[in-house]
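Enquirer: Give me a 3D structure for the following:
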Amino acid sequence: MAKTTKKQPKGERGRADNVEMMERVKDVIHRASGSDQPTRAELAHDYGITPRAVSNLIEYMKRLDIEVTTQARPRDGKKGYVVNATNFMRQDLSVAEAVASVLLTQSVLDTPLATDAGSTQSGLERIRKSLGESVRGKMEHLSGRFAVRLLRAAKPPRANTFRVVLDGILENRVLTMEYESPYAGVKGGTAKAAAAAAGKARKIETVLIEPYGVFFARRSWYLVARKRSAGEMRLYKLARIKRVEVTSDTFSMPRGWTLDKYLENAWETIHSPQPPVKVVVDLSPKVAGNMVETMWHPSQTFTTLADGNVRFTARVAGLDEITWWVLGIGSNARVVEPKELRERVAAEIRAMHRMLEKDETAAQ
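Expert: Sure, this is the predicted structure:
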């Protein structure tokens, strides 16, 4: 487990989070674009921070390509900040670029991607206002004729969850959270145990985690983090986080760690520390034409066989998710290897058949 250090918590003179930093940027732009530019001491007093923190804020603005200079104020000769914000967020976009920047964002506001609707809407309006008049007119014409349709999460993340998680990731800060397990914790695999579990409240656990990254898959946002008590990597669904806060503890990221590397062999979301497994599935001509048009996995290959079937081959992390994929294709898929995957699929089919027989018997 990575060694931790202490950092000053946020507060009157603490470090601003990313949302507060942008609010200060907008305030400085407004004040320093007028006739009475603020001094460093005045900003420090108004924000309740140190003069050094103000200097850091100004450097942050310059990294955003905001032109900030100083000049003597006529009324007292003190040096105040002057901002030329005419180039800030200026957009010279084509219609296609505007669609990607505005309509695409607008289309997902009511989908699982909109984890922070307030920030999304605010950013969308800033981009829209910065567009040229002719492009804005074309955008309005397209607004009712452009859509993105995604699966919707029945239970979206709570307000501010995404923002707090991002702060933890950006600053390598440990998070404390209350997490709701999807299972009630009833032991046993019988139908009676499952029914009992469904009727019980889900377990809520308070944990300390080191947030490594977030990603969106299928219909939900997921957080990859190291659980401190267990010392191992876990996957958390943001929608199951009841409460989350940034702590004063920090952690060190492993050198070169990225989400792409972590999930490179995963079928969708589930990572496995074990070596990837070679999977071979033969697809019937009835579905093969559509299947080959989709990038199911980075390692996939398709080969047309003499009997007209198409052979799908990939090297994947674990067999859970690809088992569900094969079952979804049904009788148009035949597992060639590995043996374990064939056995899993066969066992699930037998279990489904038993359920159907039970329903038919009960109906008689």
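Enquirer: can we go C-alpha only for contacts and neighbour counts from here?
Expert: OK.
Enquirer: Looking at the protein, which helix is longest?
Expert: helix 339-363 (DSSP state H).
Enquirer: Check which helices and strands that one sits against.
Expert: With contacts taken as 3 or more C-alpha pairs under 8 Å, 6 or more residues apart in numbering; DSSP states H and E, helix 339-363 sits against helix 320-329, strand 333-337.
Enquirer: Residue 255 in helix, strand or coil?
Expert: Under DSSP: H, G, I helix; E, B strand; the rest coil, residue 255 falls in the coil class.
Enquirer: quick one: pLDDT of it?
Expert: On pLDDT, residue 255 comes in at 93.
Enquirer: Now for it, how many residues are close by?
Expert: 6 (other C-alpha atoms under 10 Å).
Enquirer: if we can go back for a sec, ok, and for the longest helix of the chain, which residues are buried?
Expert: Using 16 or more other C-alpha atoms under 10 Å as the test for burial, helix 339-363 gives 341-342, 345.
Enquirer: follow-up on the earlier one: please work out which of the helices and strands packed on helix 339-363 is packed deepest.
Expert: Highest mean neighbour count of the helices and strands packed on helix 339-363: strand 333-337, a mean of 18 (counted as mean count of other C-alpha atoms under 10 Å).
Enquirer: hey, C-alpha coordinates of it in CSV?
Expert: Only the C-alpha atoms of strand 333-337 are listed here, as CSV (Å, rounded to 0.1, in the frame of the first residue of the first chain):
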residue,chain,number,x,y,z
ALA,A,333,-23.1,-18.9,-31.0
ARG,A,334,-21.1,-22.1,-30.3
VAL,A,335,-18.2,-22.0,-27.8
VAL,A,336,-15.1,-23.8,-29.2
GLU,A,337,-12.7,-22.9,-26.4
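Enquirer: Check which strands are paired with it and give the direction for each one.
Expert: strand 277-283 (antiparallel) (DSSP bridges).
Enquirer: List the buried residues in the partner strand.
Expert: Neighbour counts using 16+ other C-alpha under 10 Å place 279-283 of strand 277-283 among the buried residues.
Enquirer: how far does the following helix or strand past it sit from the chain's center?
Expert: Downstream of strand 277-283, the first helix or strand assigned by DSSP states H and E is helix 285-291. In this view, helix 285-291 has its centroid 31 Å away from the chain centroid, taken as C-alpha atoms, centre = their mean, to the nearest Å.
Enquirer: what's in contact with helix 285-291?
Expert: By C-alpha atoms under 8 Å, 6 or more residues apart in numbering, the residues outside helix 285-291 that reach it are 308-310, 332.
Enquirer: got the buried residues for the helix or strand following that helix?
Expert: On the C-terminal side of helix 285-291, the nearest following helix or strand under DSSP H and E is strand 301-304. Residues 301-302 are the ones in strand 301-304 that count as buried (16+ other C-alpha under 10 Å).
Enquirer: Strand 301-304 pairs with which strands?
Expert: strand 310-316 (antiparallel).
Enquirer: Tabulate the CA atom coordinates of the strand it pairs with in CSV.
Expert: What follows is strand 310-316, C-alpha atoms only, in CSV (Å, rounded to 0.1, in the frame of the first residue of the first chain):
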residue,chain,number,x,y,z
VAL,A,310,-17.5,-16.9,-38.8
ARG,A,311,-15.0,-17.7,-36.0
PHE,A,312,-14.5,-15.0,-33.4
THR,A,313,-11.3,-15.1,-31.4
ALA,A,314,-10.1,-12.8,-28.6
ARG,A,315,-8.0,-12.8,-25.5
VAL,A,316,-10.0,-11.5,-22.5
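Enquirer: Okay, buried residues for it please.
Expert: 310-316.
Enquirer: Those into CSV, with extra columns for pLDDT and distance to residue 327?
Expert: Formatted as CSV, the buried residues of strand 310-316 follow (pLDDT from 0 to 100; distance: C-alpha to C-alpha, whole Å):
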residue, pLDDT, distance to residue 327
310, 97, 17
311, 97, 16
312, 98, 15
313, 98, 16
314, 97, 17
315, 96, 18
316, 96, 17
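Enquirer: if I look at residue 259, how far off is residue 235?
Expert: 12 Å (C-alpha to C-alpha, to the nearest Å).
Enquirer: again, but for residue 281
Expert: For residue 281, the distance to residue 235 - C-alpha to C-alpha - is 28 Å.
Enquirer: residues in contact with residue 104?
Expert: Counted by C-alpha under 8 Å, 6+ apart, residue 104 has contacts 147-148.
Enquirer: Does it belong to a helix, a strand or coil?
Expert: Residue 104 ends up helix, using three-state DSSP.
Enquirer: Give me the pLDDT for it.
Expert: 71.
Enquirer: hang on, the earlier thing: neighbour-wise, which of residue 259 and residue 235 wins?
Expert: residue 235 (15 against 12).
Enquirer: what comes into contact with the helix or strand hosting the more buried one?
Expert: In the assignment (DSSP H and E), residue 235 maps to strand 232-237. For strand 232-237, the surrounding residues in contact (C-alpha under 8 Å, 6+ apart) are 220-227, 270.
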